[in-house]
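Colleague: Predicted model follows, preceded by the sequence.
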Amino acid sequence: MPTEIKNFNSFNRKKADAGLLFVAGLFFLVLAFAVVYFSHFGLAPFQKMNNEKEMSAAAALSLASAPASNDTEIKSKTENEAFLASLSQTPVKEIFIGSYGVADKEILEELRSELEKVYGVQTTLLNPGPAIPKEEPFYNKTRGQYNSDVLQKSIEQSSSAYGQAVRFLYVADVNMSSFSEWSPEAPWLRADKNTNAALLSIHSFRINNSTLGKESARQILLERAKKSAIRALGVTVGFGFSSSAADTSCIMYPALTLKELDAEQSELCSPEKEAVGRVFQE
């Protein structure tokens, strides 16, 4: 082998050995530093970094949820204020219950007692009236039903002279229905805001061919009648616009079937429950 090549190979080997020694020395130097560092500080700095990340994530979650919670509270407060502002401005001092052809006085007394308990004002039974004439414009022979639009207009006109400080609930026992294309209430009920009279028929509440027994069937009728009476009076003062009117479990929900009516609670929900004292005052 030529002398020049031998010298060149020898030089490269020496250069490679020196490089290896440098890398090895640097490795041991870093290792020594790590041993000294962790023997003194332990894992605390890394734990602190992890904790900071966890805290930051928790803080971010908290900040993200806070506005939504506040928005919900603000929205609920605003809705309640708007609801209270929309209520009848004239306090209701007394409730009267009239009837047309209802033979069962115990039902009327149950309604009287329930309304007095719920609304906290004196509730009086009027002398029973005669049955509603089975003739036009009250009754339609073709449909075999009483026209609740005509009946409601009639009681509104006869009661309007007594003013907004009283409320009238007229109870009948007839198959009635609205003859208009769109009715705001179920067939058994007619009530409108800012009127002092509402109409309720117990005809639809009866249970025929029931295996429940006479007493159970009567209790169901009474429960349906009480819920409907409470709703009827509530609608006249503005409770139909409360937030709970959209809740199918609340009594102010406009049930259109008996199944929906039976699923409702037997007392007012919030916020109209808190508003009773504002509207009904003896």
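Modeller: Everything's here; your move. Numbers count the residues shown, from 1 in each chain.

Colleague: how about A198, phi and psi?
Modeller: phi -130, psi 160 (degrees, to the nearest 10).

Colleague: That one and F168 touch, don't they?
Modeller: Yes: A198 lies in contact with F168 (CB atoms under 8 Å); the separation is 7.3 Å. Just so you know, the C-beta spots here come from the backbone N, C-alpha and C atoms, and that holds for glycine as well.

Colleague: Among these two, which residue is more densely surrounded?
Modeller: A198 (27 against 23; other CB atoms under 10 Å).

Colleague: May I have the predicted confidence score for that one?
Modeller: Looking at A198, its pLDDT is 98.

Colleague: OK, contacts around it?
Modeller: Going by CB atoms under 8 Å, 6 or more residues apart in numbering, A198 touches 167-170, 189-192, 232-233, 235-236.

Colleague: Would you check how far apart it and L115 are?
Modeller: From A198 across to L115, the span is 11 Å (CB to CB, to the nearest Å).

Colleague: can you give me the strands for the chain?
Modeller: 94-100, 122-125, 139-140, 145-147, 166-172, 176-177, 189-190, 197-201 (DSSP state E).

Colleague: Those into TSV, with extra columns for distance to E215?
Modeller: Output for those, formatted as TSV (distance: least, CB to CB, whole Å):
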stretch	distance to E215
strand 94-100	23
strand 122-125	23
strand 139-140	32
strand 145-147	29
strand 166-172	21
strand 176-177	27
strand 189-190	25
strand 197-201	22
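
Colleague: for those, which one sits closest to L256?
Modeller: Closest to L256 of the strands of the chain is strand 189-190 (CB to CB; 10.0 Å).

Colleague: and that closest one, what does it pack onto?
Modeller: Judged by 3 or more CB pairs under 8 Å, 6 or more residues apart in numbering; DSSP states H and E, strand 189-190 is in contact with helix 148-159, strand 197-201, helix 214-237.

Colleague: For that strand, which outside residues touch it?
Modeller: Contacts of strand 189-190 (CB under 8 Å, 6+ apart): 148-149, 151-152, 178, 198-201, 228, 231-232.

Colleague: Farthest-apart pair in the residues you listed, please.
Modeller: D149 and R231 (18.8 Å).

Colleague: the more surrounded of the two?
Modeller: Shown here are D149 and R231; by other CB under 10 Å, R231 has more neighbours (28 against 16).

Colleague: what separates the residue nearest to Q122 when sequence neighbours are not counted from G120, distance-wise?
Modeller: Counting by CB to CB, 6 or more residues apart in numbering, E94 is the residue found nearest to Q122 once chain neighbours are left out, at 5.1 Å. For E94, the distance to G120 equals 11 Å [CB to CB].

Colleague: Spit out the residues that contact these two alike.
Modeller: E282.

Colleague: so I202 makes contact with Y170?
Modeller: No: counting by CB under 8 Å, I202 stays clear of Y170, with 11.6 Å between them.

Colleague: quick one: which of the two has more around it?
Modeller: Taking other CB under 10 Å, I202 and Y170 do not tie; Y170 has more neighbours (26 against 23).

Colleague: Which per-residue confidence value corresponds to the more buried one?
Modeller: For Y170, the model assigns a pLDDT of 98.

Colleague: Report the contact partners of it.
Modeller: Here Y170 is in contact with 97-100, 155, 197-200 (CB under 8 Å, 6+ apart).

Colleague: Scan those residues and report the most crowded one.
Modeller: That'd be A198 among the contacts of Y170, by other CB under 10 Å, with 27 neighbours.
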